[in-house]
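A.B. asks: Kindly return the folded structure for what I paste below:
(one chain, ligands or ions: 1)
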Amino acid sequence: MTGEVLAAFARQFGLEAGQPRLFFAPGRVNLIGEHTDYNGGHVFPCALTMGTVCAARVRGDRRLRLLSLNFPDAGVVETDLDRTVPLPGECWANYVLGVVRAFAAEGLAPARGLDIAFYGDIPAGAGLSSSAALEVLTGTALRELFGFPVSPTQVALLGQRAENEFIGLSCGIMDQFASAMGRRGHAIFLDTATLEYAYAPLALDGAKLVIVNSMVKHALAGSAYNDRRRECARALEALRAVKPGLASLGALAPEEFDALAGAIPDEVCRRRARHAVYENARTRSAFDALQAGDLARFGALMNASHVSLRDDYAVSCPEVDTLAALAWETPGVLGSRITGGGFGGCTVSIVRDDAAADFAGTVAREYARKTGLTPQIYTVSAGDGARELKEETL
Ligand code: GLA
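C.D. replies: Prediction:
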């Protein structure tokens, strides 16, 4: 991708004003801990080696010129540093502008404009965080190009702020954190209440991490996501009537939740909260299971996570349920679940090496037969977080 992005940069913006610098930010796959990150719970994602690169150069004036090879029809998006308002039509460049604005709001306003060309290989809208990668990539480029004193965690927080305030999606911190803080060969066990984290070696001895894209993308994902967040907030409010000072759903153990759940009058809110509490407990157990090398237990927790996301949290869809069910039926699959925000997107599965070829064949054939759709299947590994790419030049 770096070759393509550099060539596009040269074609569009020329090299007379100097060479651009290259940056990369990865997508992520969440192993377990779904819809817990805005509930003060734990998440367990890893960064991917798939991601987005950009070639960026500071300009002499205050213009911003942005090009994405993934959205060729949008052409070059031109605006300027003094006009960072959302562009109409869900323009891809809003993720970039949102980050510029979030930095400026923290007193980190770029002094000069930029020419930037982007190109990524994360499928969009598939639950693999192509948006977070774009935000973290922009933040990383701003930090390096202008020398802003921000840590990778702060870059992640500013990306989340862009998404919350500029895009209008009330997401948690998981995606941006994973993209900024990823480590090759490791998953990140993150406590979203404190931002304390630990890297766990992703030692899948004799097994692989396989992502299957259902190729289904639900248009209402954004509003339904915000609804879930509101339902959890209402459940927390109700629980505070019986447990004053309760910080978050993530602060409750399952047994305590079960004892208090009657205080949540609305059944839907109660089910959302139950998912958040139990998923948090599963995520903690999954971290222990991985450390202990107990992949069978890890897989069983993934399966339970899917069931809870399907039934209590209602963020799956028939196509993704079909993928999970196919995985569960296939010998050699240790666990499988929907990953990411939901309403379509991907499953993540742990598949024994000797079963991987069969798994891919069966899933591709049976999914097509049942839904008429052709899934995309990726065997992935955990990659490093966002960074400047120094070795590549034109
Ligand atoms: C999206 C959000 C994350 C997280 C997941 C669900 O990816 O961006 O913050 O809430 O959904 O786990």
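A.B. asks: Tell me the confidence at the closest residue to Arg101 other than its chain neighbours?
C.D. replies: Nearest non-adjacent residue to Arg101, counting by CB to CB, 6 or more residues apart in numbering: Thr84, 4.3 Å away. Backbone N, C-alpha and C define where each C-beta goes, glycine included. What the model reports for Thr84 is a pLDDT of 87.
A.B. asks: got a list of what Thr84 touches?
C.D. replies: Contacts for Thr84 were tallied using CB atoms under 8 Å, 6 or more residues apart in numbering; they are Leu97, Gly98, Val100, Arg101, Ala104.
A.B. asks: Check whether the biggest strand by length in the chain comes near the ligand.
C.D. replies: Criterion DSSP state E: the longest strand present in the chain is strand 42-58. No - counting by CB under 6 Å from any ligand atom, the ligand is not contacted by strand 42-58; separation bottoms out at 6.7 Å.
A.B. asks: Which elements pack onto the following helix or strand past that strand?
C.D. replies: For strand 42-58, the following helix or strand on the C-terminal side (DSSP states H and E) is strand 63-68. Under the contact criterion of 3 or more CB pairs under 8 Å, 6 or more residues apart in numbering; DSSP states H and E, strand 63-68 touches helix 2-13, strand 77-80, helix 94-105, strand 114-120.
A.B. asks: Same list, those, but as JSON lines with mean pLDDT and distance to the ligand please.
C.D. replies: Shown next, in JSON lines, are the helices and strands packed on strand 63-68 (pLDDT from 0 to 100; distance: least, CB to the nearest ligand atom, whole Å):
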{"stretch": "helix 2-13", "mean pLDDT": "97", "distance to the ligand": "25"}
{"stretch": "strand 77-80", "mean pLDDT": "95", "distance to the ligand": "23"}
{"stretch": "helix 94-105", "mean pLDDT": "97", "distance to the ligand": "12"}
{"stretch": "strand 114-120", "mean pLDDT": "98", "distance to the ligand": "16"}
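A.B. asks: Mean neighbour count and distance to Tyr197 added to those, as a markdown table?
C.D. replies: Output for the helices and strands packed on strand 63-68, formatted as a markdown table (neighbours: other CB atoms under 10 Å; distance: least, CB to CB, whole Å):
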| stretch | mean neighbour count | distance to Tyr197 |
| --- | --- | --- |
| helix 2-13 | 17 | 29 |
| strand 77-80 | 16 | 34 |
| helix 94-105 | 23 | 22 |
| strand 114-120 | 25 | 25 |
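A.B. asks: if we can go back for a sec, what angle separates the longest strand of the chain from strand 114-120?
C.D. replies: 130 degrees (axes from the mean of the first three to the mean of the last three CA atoms, to 10 degrees).
A.B. asks: quick one, the strand or helix carrying Ala289 and strand 42-58 angle?
C.D. replies: For Ala289, the element it lies in under DSSP H and E is helix 267-291. Angle of helix 267-291 versus strand 42-58, following the same axes, to 10 degrees, is 80 degrees.
A.B. asks: and the closest residue in space to Leu31 that isn't next to it in sequence, how many residues sit next to it?
C.D. replies: The spatial neighbour of Leu31 that comes closest, neighbours along the chain excluded (CB to CB, 6+ apart), is Phe44 at 4.8 Å. Phe44: 25 surrounding residues under other CB atoms under 10 Å.
A.B. asks: Likewise for Arg183?
C.D. replies: Neighbour count for Arg183, taken as other CB under 10 Å: 17.
A.B. asks: any idea how far the ligand is from it?
C.D. replies: As judged by CB to the nearest ligand atom, to the nearest Å, Arg183 and the ligand stand 19 Å apart.
A.B. asks: Likewise for Pro26?
C.D. replies: The gap separating Pro26 from the ligand is 14 Å, by CB to the nearest ligand atom.
A.B. asks: Quick check: that residue vs Asp354, distance?
C.D. replies: Pro26 sits 28 Å away from Asp354 when distances are taken as CB to CB, to the nearest Å.
A.B. asks: Check Leu108 too.
C.D. replies: Counting by CB to CB, the separation of Leu108 from Asp354 is 51 Å.
A.B. asks: Who has more neighbours out of those two?
C.D. replies: Higher neighbour count among Leu108 and Asp354: Leu108, with 18 against 11, using other CB under 10 Å.
A.B. asks: Next up, the contacts around the more buried one.
C.D. replies: Leu142, Phe146, Phe148, Val150.
A.B. asks: what do you get for Ala47?
C.D. replies: Counted by CB under 8 Å, 6+ apart, Ala47 has contacts 26-28, 178-179, 181-183, 188, 382-385.
A.B. asks: Which single residue of the stretch 1-150 of the chain ends up nearest the ligand?
C.D. replies: Nearest residue of the stretch 1-150 of the chain to the ligand, counting by CB to the nearest ligand atom: Glu34, 4.0 Å away.
A.B. asks: distance of the closest residue to that residue other than its chain neighbours from the ligand?
C.D. replies: Nearest non-adjacent residue to Glu34, counting by CB to CB, 6+ apart: Leu309, 5.7 Å away. For Leu309, the distance to the ligand equals 9 Å [CB to the nearest ligand atom].
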